[in-house]
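Trainee: need a 3D model of the sequence below.
(chains A and B)
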Amino acid sequence: MRRIGRISMGHSFLFGFPVFAGAAGYTFSAELFIQLFLAGCVLSFLIFYLFSELTGRTAFVFLTLVFSIFVWVASPKLVFEKDGYLTGGEVGFSFPAITQSRLHITAILILVVIFVLYRYVEKSRIGYFMQAIGDDETSSRAVGINLRKTKALSVLLSCVPAWSAGLIYGFEFGHISPEIFSIEISVFPFIASLVGAGNPLLSVFSSFALVYLSKILNSIYPGLMGIVYSLILILSPKIGRWVYVKGKRLGEKG
Amino acid sequence: MALLVSLNFRIGRFLNLSLGGLFAAGGYIAYFTPSPFVALIAGLIFGFLMALTISRICRSITEATILSLGAGILIERFLEMIHRSSYYYFVSFDYSPYLVVLGILAYLIIFAVYTSPYGLKMKFVESDHELAELYGVNTKRVFTVTTSLTSACAVLAGFFSSGLLAISPTTGFGYLLSGIMVSALTAQFRQIGAVHYLTLLAVSFASVRFLGVLI
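Mentor: Okay, here's the model as predicted:
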């Protein structure tokens, strides 16, 4: 989405909403789990597409972030009664579990497929259209680029990895709570992308590095990684510019 | 909260997402040291430091907003570290009547400022930041004062509300969200100066009455 000039700070919604809806459905039946997961995917795509159409660059950042905080605050209010027991709320819902080894292989395969797809799209005609919209929307419209179609495709390309990651997350833990919409999850893609200098491959490596760093730091003191995230966000304007200059110099040398 | 969000956005030109964390911090100050002066000083210092950092390193609204989000998460994480129980904290006293006094006082100060010669400068900053700078308004000082005061008010609001709250590190997010919603609704009227803040007050009451939104 960054390519079309829309930086999302609320990807926890795309990541969490379909699995959260699916997990709520799983309380009643496996069929309802699949139906609600798919409905969640469609709804989350439509909402983000609508946001990208209605807002400009700056407002999109605010709207996605505020919306994800809204869902985070509102989701614990979802409580069902089944067989005389209450389920949901702050505890969340149970989720079908899958064997860890299978899950890890699936995750790696999905990562590779998405990475290849992204590289292909980046070098394709539609990728250049996205870049053009990111540079100047008005000029892009003037030269005949179909803004709606390109934006929709860009949002969809951003949604697919988030939905897949959310599903894998659910299968990994066998449980989904409202914390799936938390701010840490919302800002994680931004931080990983910032540390990875906006490069897709580096962003993948930085994501892995951040997850491992999180495990180490949180084992030293619970919540320590949250402090690191917040410091990265506070210094993000400096880090962003430094990374941009370094990246440009490396590019010139290359 | 809507008033603080609105002041920061219109004068400070950024969406202050640290206000939720500051509100929660006010609750913790009430729990550990029930002194409003500590809350006031803590809020002022935090706001001043944040304003200074934003002026030094941020070049756009988005950068300043992301920085304030980082500051908000920093407060929340810090509170989570000192919140060593799996239960909510509760205070045994109720300062909530003072919250009404704080609200009235904040509005009185705003109306006093906007009706004074300094109010013209504020209106200038609100309507056109660059033009205000050209006309010699010290926008940096206005920004620093606004950010510091709104931060202090957020901590004080949390402090005085503590008797009504189940205190946890994320207590302030619901209030922040409601503040942003009310502020965004009021912004649709496209007013400036004291009139805007009067409309904000009306929209806040209407939201509480009809939607149950917390201001």
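
Trainee: let me see the ranges of the helices in chain B.
Mentor: Assigned by DSSP state H, chain B shows helices spanning B:2-10, B:19-32, B:36-57, B:61-82, B:96-115, B:117-127, B:129-134, B:139-161, B:171-187, B:194-206.

Trainee: how about the second one: buried residues?
Mentor: Neighbour-count burial for helix B:19-32 flags B:19-31 (criterion: 16 or more other Cβ atoms under 10 Å in any protein chain shown). Every C-beta, even on glycine, is put in place using the N, C-alpha and C of the backbone.

Trainee: I'd say A:A132 and A:G144 touch.
Mentor: No. Using Cβ atoms under 8 Å, A:A132 is not in contact with A:G144; the gap is 10.6 Å.

Trainee: pLDDT score for A:G247?
Mentor: Per-residue confidence (pLDDT) for A:G247: 59.

Trainee: so what's the residue of chain A found nearest chain B up against?
Mentor: Residue nearest to chain B within chain A (Cβ to the nearest Cβ): A:L233, separated by 2.8 Å. By Cβ atoms under 8 Å, 6 or more residues apart in numbering or on different chains, the residues touching A:L233 are A:V187, A:F190, A:I191, B:I66, B:L67, B:L69, B:G70, B:I73.

Trainee: can I get those in a markdown table with pLDDT?
Mentor: Output for the contacts of A:L233, formatted as a markdown table (pLDDT from 0 to 100):
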| residue | pLDDT |
| --- | --- |
| A:V187 | 83 |
| A:F190 | 82 |
| A:I191 | 85 |
| B:I66 | 87 |
| B:L67 | 90 |
| B:L69 | 88 |
| B:G70 | 89 |
| B:I73 | 88 |
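
Trainee: any idea how far the residue of chain A closest to chain B is from B:S68?
Mentor: The gap separating A:L233 from B:S68 is 9 Å, by Cβ to Cβ, to the nearest Å.

Trainee: look up how far B:T147 lies from the closest residue to chain A within chain B.
Mentor: Relative to chain A, the nearest point of chain B is B:G70 (2.8 Å; Cβ to the nearest Cβ). Taking Cβ to Cβ as the measure, B:G70 falls 15 Å from B:T147.

Trainee: the more surrounded of those two?
Mentor: Counted by other Cβ atoms under 10 Å in any protein chain shown, B:G70 and B:T147 do not tie: B:T147 has more neighbours, with 29 against 24.

Trainee: give me the neighbour count for the nearest residue to the more buried one once chain neighbours are set aside.
Mentor: Distances taken as Cβ to Cβ, 6 or more residues apart in numbering or on different chains put B:A51 closest to B:T147, at 3.8 Å, once the chain neighbours are dropped. For B:A51, the count of nearby residues is 22 (other Cβ under 10 Å).

Trainee: now the contacts of A:L233 as a markdown table including distance to A:G88?
Mentor: Below are those laid out as a markdown table (distance: Cβ to Cβ, whole Å):
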| residue | distance to A:G88 |
| --- | --- |
| A:V187 | 25 |
| A:F190 | 29 |
| A:I191 | 30 |
| B:I66 | 32 |
| B:L67 | 35 |
| B:L69 | 28 |
| B:G70 | 31 |
| B:I73 | 26 |
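
Trainee: contacts only, for residue 164.
Mentor: Defaulting to chain A. With contact set as Cβ under 8 Å, 6+ apart, A:S164 has these partners: A:I110, A:I114.

Trainee: nope, chain B
Mentor: For B:L164, the contacting residues are B:D94, B:S96, by Cβ under 8 Å, 6+ apart.

Trainee: where's it relative to A:R3, distance?
Mentor: On the measure of Cβ to Cβ, B:L164 and A:R3 end up 46 Å apart.

Trainee: ok, now A:S75?
Mentor: When distance is defined by Cβ to Cβ, A:S75 is 30 Å away from A:R3.

Trainee: try B:T33
Mentor: Distance from B:T33 to A:R3, by Cβ to Cβ: 50 Å.

Trainee: looking at the two, which one has more neighbours?
Mentor: Ranked by neighbour count (other Cβ under 10 Å), B:T33 and A:R3 place A:R3 first, with 20 against 11.

Trainee: which ones are touching the more buried one?
Mentor: Going by Cβ under 8 Å, 6+ apart, A:R3 touches A:G127, A:M130, A:Q131, A:I133, A:G134, A:S154.

Trainee: turn the residues you listed into CSV, columns for secondary structure, neighbour count and pLDDT.
Mentor: Shown next, in CSV, are the contacts of A:R3 (DSSP: H, G, I helix; E, B strand; the rest coil; neighbours: other Cβ atoms under 10 Å in any protein chain shown; pLDDT from 0 to 100):
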residue, secondary structure, neighbour count, pLDDT
A:G127, helix, 19, 87
A:M130, helix, 25, 87
A:Q131, helix, 14, 86
A:I133, helix, 24, 85
A:G134, helix, 17, 83
A:S154, helix, 26, 90
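
Trainee: output these in a markdown table, with distance to A:F48 appended to each entry.
Mentor: Output for these, formatted as a markdown table (distance: Cβ to Cβ, whole Å):
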| residue | distance to A:F48 |
| --- | --- |
| A:G127 | 19 |
| A:M130 | 15 |
| A:Q131 | 20 |
| A:I133 | 15 |
| A:G134 | 16 |
| A:S154 | 10 |
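
Trainee: tell me the one of these nearest A:G16?
Mentor: Closest to A:G16 out of the contacts of A:R3 is A:S154 (20.7 Å), distances taken as Cβ to Cβ.

Trainee: how about the closest one: what's its closest non-neighbour residue?
Mentor: Among residues not flanking A:S154 along the chain, A:I4 sits closest, at 4.7 Å (Cβ to Cβ, 6+ apart).

Trainee: just B:Y88 next, same as before
Mentor: Closest to B:Y88 by Cβ to Cβ, 6+ apart is B:A166, at 3.7 Å.

Trainee: ok so, going back, more crowded one of A:A132 and A:G144?
Mentor: Higher neighbour count among A:A132 and A:G144: A:A132, with 19 against 7, using other Cβ under 10 Å.

Trainee: and after the host helix or strand of that one, which helix or strand comes next?
Mentor: Per DSSP states H and E, A:A132 falls inside helix A:125-135. Using DSSP H and E, the helix or strand that follows helix A:125-135 towards the C-terminus is helix A:137-142.
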